[in-house]
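> Got a predicted model here, sequence first, then my questions.
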Amino acid sequence: MTAKLKISALLFGLHLLLAALFAAHFGDWGLDYTGGRQLFHWGEFTGSSNLYSFFAPRVGDQASVLYTLADSTGRQQAILLETPTKELEIRVATIYNFVRLPEGSSLFSRSFGNTILRLHPEARAARVSLIQQTMPTMTAFRDSMARPRWEMVEWRDYIRQDERSAAAAR
């Protein structure tokens, strides 16, 4: 075995050791001795100090928005936003998760309502409904056959104002 191969194997082994330590939340152990700090800095330098979220004990809830449009005759149409790619779908789902924040709920819902009414000029009213897929814990899923379920979290109604009523309101 060459010296270059020995050094590479040693560094590879150290990196795997650090990855395993940080996956076990080594940084949270509260070790204040010099060696612990040096390992922490080496983990930061090599990138092995990342926390690995796939060890999460629980699967998070998924939020989505259901748009219900109504035209002047009262006919209703429900729309779930569909995206052309999985990457865009993930980004939209991330935005939808911000709707659940108390300080963002009203602002995001208003923006969604305005956008859906702009995209559908025939609609006179829109309901923006935040729905959430609640995931059971792994234990509940295994023990009781509990399944994920979609449930309504909140909704807001928006009515299109035509130019005349908007001008009269000013």
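Looks like it came in fine.

> which other helices and strands contact the longest helix along the chain?
Of all the segments of type helix in the chain, defined by DSSP state H, the longest one is helix 3-23. When contacts are defined as 3 or more CB pairs under 8 Å, 6 or more residues apart in numbering; DSSP states H and E, helix 3-23 packs onto helix 34-46. C-beta here means a position set from N, CA and C on the backbone, and glycine is covered the same way.

> Output the helix it packs on as CSV, restricted to C-alpha atoms.
Provided in CSV are the C-alpha atoms of helix 34-46 (Å, rounded to 0.1, in the frame of the first residue of the first chain):
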residue,chain,number,x,y,z
THR,A,34,-10.0,21.1,23.2
GLY,A,35,-10.3,17.8,21.2
GLY,A,36,-14.1,18.2,20.9
ARG,A,37,-13.7,21.8,19.6
GLN,A,38,-11.1,20.7,17.1
LEU,A,39,-13.4,17.9,15.9
PHE,A,40,-16.2,20.4,15.6
HIS,A,41,-14.0,22.8,13.5
TRP,A,42,-12.8,19.9,11.3
GLY,A,43,-16.4,18.9,10.8
GLU,A,44,-17.3,22.4,9.7
PHE,A,45,-14.3,22.6,7.4
THR,A,46,-15.0,19.2,5.7
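
> What mean pLDDT does that helix get?
Mean pLDDT, computed over helix 34-46, is 73.

> strands paired with the helix or strand following that helix, and their directions?
Remark: after helix 34-46, the chain's next helix or strand is strand 62-70, criterion DSSP states H and E. Strand 62-70 sits in its sheet next to strand 76-80 (antiparallel), strand 125-134 (antiparallel), going by DSSP bridges.
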